[in-house]
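In: build me a model from this:
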Amino acid sequence: MTLEVDAARLANPATYADPDGLNEIFTQLRSSGKIVRAEPEGMRSFWAVTKAADIRFVETNSDKFIAEPWPAMLMADQERKNVELFGSVAGPTTTLVSMDGKTHHKHRLIAQEWFMPHNVRKLIPEVDAIARTYIEKMAAMDGECDFAKDVAFWYPLRVVNSILGLPESVDAEFLRLTQLSFGAADPNVEASIKDRLERFAQSHIGFTRIFQPIIEDRRANPTDDLASAYANATIDGEPLGEAETLGLFLITATAGHDTTSATTAGGLKALIEHPEQFRKLREDMDLLPNAIEEFLRWVAPVKHFARTATEDVQIANQTVRKGEKVVVFFASACRDEEIFDDPFEFRIDREPNKHLAFGTGPHLCLGMHLARLEMRCFFEQLLPRLKRVELAGDATYLQANLVSGLTSLPVKYSFHAD
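Out: The predicted structure follows:
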């Protein structure tokens, strides 16, 4: 079978600003029945893994496919810049997503208990209150807003920052830095900083400036919160290094809000564009947990992870040589025809829904229970209050190949009278 699509397009951040075009690429690659070699300009070559079964194989064989030195597609000039400035391809921090084996397991244990379902449920009153705050802000906007920019960006950010002990006064700067980090290649993000590498570097400098005071405070005045657990964490009796401590804060805060923001905005857009599904949900709110799983499948905010083979391995009858890169595309797995009936239909009652939006294997998303809770608290309050809602302009998407979602979602709406 001759492919009509170049897998190297998956490295281009601009590809992700067109979800329909992206899904066409994934569909063609999946239909080949194999993994496909990509040779992007200015980046290391890699094998594109697009079928769910192959992605599960890679992610659950973490001894054969490792995250180090960095678990994402990275331009060669960015690799060189990171090594030059920080002595590592991974840059200035060491995070869970770039760790492997026992090191990963020991670091994950520091945070894991905090994000177990029984502890996440304790956050319901606080998350409910934050959700209510942003729904009230939406109600005060005279029936028209940019749901992505005005609501979805902020609500999950406030939830995560409150858990980490950060005041609301840092939220605006934090959002700017997150967008600089994940959207470094998007010319529409922080246009005043023209250089992509400079955007990425500035984001890390800014995050350090925000987190360092809370780390120092919790070391001097420890409490029973997550920030104290991170700031005072030890492994095998030894305190974490500064890069590792900062990395715990960074991965929790950035990945913990940006992905949920993308799914919240994308979920509302999907409901608006599928009015029969919207009506079904409003008539039976018991379907909300199923609907949230479909939001996750439909949006799939984490588009990929990259791995490095530690030995020669066969994937779909193709030999991947030791040292070669493979890139697993979770967004493609979420549309895999071998897993889902009618994968291009949005169905809030889809069951089973074995999506890979949270990944799988040792790197299964640590915050998945919190993400589900945030969306449940938000939509179970918003939907009964909405009298009507419709799109009020063109939606736009971030040009980013790692984590990507809506950058703008103009809507018109009205609420039921109290």
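In: list the contacts for the residue most central in space within the chain?
Out: Nearest to the geometric centre of the chain sits Thr259, at 3.4 Å (C-alpha atoms, centre = their mean). Residues near Thr259 by C-beta atoms under 8 Å, 6 or more residues apart in numbering: Pro301, Val302, Cys365, Ala371, Val403, Gly405. Using the backbone N, CA and C atoms, a C-beta is placed for each residue, glycine as well.
In: Phe153 versus the first one, what's the distance?
Out: Think Pro301. Computed as C-beta to C-beta, to the nearest Å, the Pro301 to Phe153 distance reads 13 Å.
In: so those two - more neighbours on which side?
Out: Relative neighbour count places Pro301 above the other of Pro301 and Phe153, with 27 against 24, counting by other C-beta atoms under 10 Å.
In: report the secondary structure element holding the residue nearest to the more buried one when sequence neighbours are not counted.
Out: In this structure, Pro301 finds its nearest non-sequential neighbour in Ala262, 3.9 Å apart by C-beta to C-beta, 6 or more residues apart in numbering. In the assignment (DSSP states H and E), Ala262 maps to helix 242-273.
In: buried set for that helix?
Out: Of the residues in helix 242-273, those scored as buried under the neighbour-count criterion (16 or more other C-beta atoms under 10 Å) are 243-272.
In: what's the mean pLDDT across that helix?
Out: For helix 242-273, mean pLDDT is 94.
In: same for the next helix or strand after it, what does it pack against?
Out: Of the helices and strands lying after helix 242-273 in sequence (DSSP H and E), the nearest is helix 275-283. Contacting helix 275-283 under the criterion 3 or more C-beta pairs under 8 Å, 6 or more residues apart in numbering; DSSP states H and E are the following elements: helix 242-273, helix 288-299, helix 368-385.
In: go again with 10 Å.
Out: For helix 275-283, the helices and strands in contact under the criterion 3 or more C-beta pairs under 10 Å, 6 or more residues apart in numbering; DSSP states H and E are helix 242-273, helix 288-299, helix 368-385, strand 386-391.
In: direction included, what does the last one pair up with?
Out: This points to strand 386-391. According to DSSP bridges, strand 386-391 forms sheet pairs with strand 410-415 (antiparallel).
In: low pLDDT regions in this protein?
Out: Within the chain, the set of residues satisfying pLDDT under 70 comprises 1-4, 190-194.
In: so which residues of it form strands?
Out: Applying DSSP state E to the chain gives strands spanning 36-38, 46-49, 65-66, 144-146, 234-235, 238-239, 305-309, 313-315, 318-320, 325-328, 386-391, 396-397, 406-408, 410-415.
In: those: which one's closest to Met138?
Out: strand 144-146 (6.1 Å; C-beta to C-beta).
In: gap between the helix or strand following that closest one and the chain center?
Out: Moving toward the C-terminus from strand 144-146, the first helix or strand encountered (DSSP H and E) is helix 147. Relative to the mean C-alpha coordinate of its chain, helix 147 is positioned 18 Å out (C-alpha atoms, centre = their mean, to the nearest Å).
In: which strands or helices does helix 147 pack on?
Out: Secondary-structure packing of helix 147 (3+ C-beta pairs under 10 Å, 6+ apart): helix 242-273, strand 410-415.
In: if I look at Glu81, how far off is His118?
Out: Residue 81: Lys, not Glu. For Lys81, the distance to His118 under the criterion C-beta to C-beta works out to 43 Å.
In: the more surrounded of these two?
Out: Under the neighbour definition other C-beta under 10 Å, Lys81 and His118 were set side by side, and Lys81 has more, 19 against 8.
In: reformat the contacts of Thr259 as TSV; add distance to Ala233.
Out: Rendered in TSV, the data for the contacts of Thr259 read as follows (distance: C-beta to C-beta, whole Å):
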residue	distance to Ala233
Pro301	27
Val302	25
Cys365	20
Ala371	23
Val403	25
Gly405	31
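In: related to what we said a few turns ago, just checking, the residue nearest to Pro301 touches Leu157?
Out: No - the pair Ala262 / Leu157 is not scored as a contact, 12.0 Å apart, by C-beta atoms under 10 Å.
In: quick one on the thing from earlier: quick one, the helix holding Ala262 and strand 410-415 angle?
Out: Computed with axes from the mean of the first three to the mean of the last three C-alpha atoms, to 10 degrees, the direction of helix 242-273 lies at 70 degrees from that of strand 410-415.
In: so helix 242-273 versus helix 368-385, what angle?
Out: Between the axis of helix 242-273 and that of helix 368-385 there is an angle of 30 degrees, by the same axes, to 10 degrees.
In: from the chain's centre, how far out does helix 242-273 sit?
Out: Centre-to-centre, helix 242-273 and its host chain are 5 Å apart (C-alpha atoms, centre = their mean).
In: now do that helix against helix 288-299, angle only.
Out: With the same axes, to 10 degrees as the criterion, the two stretches helix 242-273 and helix 288-299 enclose an angle of 100 degrees.
In: so who does Leu409 touch?
Out: Neighbouring residues of Leu409 by C-beta atoms under 10 Å, 6 or more residues apart in numbering: 145-152, 265-266, 268-269, 272, 391-397.
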